[in-house]
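Chemist: Could you look at this predicted model? Sequence included:
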Amino acid sequence: MSGAKVRIQVRVDAEVAPWIREATFLAGKSVSAFMADAALSRADEILDAQHVTHLSAEEFDRLVAWLDEPPVVIPALQRAFAAYKSLDLSRDS
């Protein structure tokens, strides 16, 4: 990722700061780069957990079998879809 930079500030307990500074030194990074990398890594973990569905082999097989089944006709849904298609959505606002 590159491009425009924005400032995000973080405050940590005084006892934590030396620990972080030592880690940044050992990693060969600035505190800012180290904190940005750590935050991005954690953000990726959280977003992955929310946006990706993990299935076991058994769950995957059940899902594929379910998707292979013929669709179930739901009359109320068919009527709603037909009513929607008959709407005039081209009106000028």
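Modeler: On my side now, so go ahead. Numbers count the residues shown, from 1 in each chain.
Chemist: Quick one: low-confidence residue ranges for this structure.
Modeler: Confidence mapping of the chain against pLDDT under 70 gives the ranges 1-2, 92-93.
Chemist: tell me, what residue is most central in it?
Modeler: Nearest to the mean C-alpha position of the chain, by Cα atoms, centre = their mean, lies Leu47 at 3.4 Å.
Chemist: Pull out the buried residues from the helix or strand where that one lies.
Modeler: Element membership of Leu47 [criterion: DSSP states H and E] is helix 31-51. Under the neighbour-count criterion of 16 or more other Cβ atoms under 10 Å, helix 31-51 has Phe34, Met35, Ala36, Ala38 buried. Bear in mind the C-beta positions are built from the backbone N, C-alpha and C, glycine included.
Chemist: For the residues you listed, could you give me TSV that also reports distance to Gln78?
Modeler: Converted to TSV, those look like this (distance: Cβ to Cβ, whole Å):
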residue	distance to Gln78
Phe34	58
Met35	55
Ala36	52
Ala38	52
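Chemist: can you give me the helices for the protein?
Modeler: For the chain, the helices defined by DSSP state H cover 17-27, 31-51, 57-68, 75-85.
Chemist: I'd like the ones you listed laid out as JSON lines, including distance to Val10.
Modeler: Shown next, in JSON lines, are the helices of the chain (distance: least, Cβ to Cβ, whole Å):
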{"stretch": "helix 17-27", "distance to Val10": "10"}
{"stretch": "helix 31-51", "distance to Val10": "6"}
{"stretch": "helix 57-68", "distance to Val10": "39"}
{"stretch": "helix 75-85", "distance to Val10": "49"}
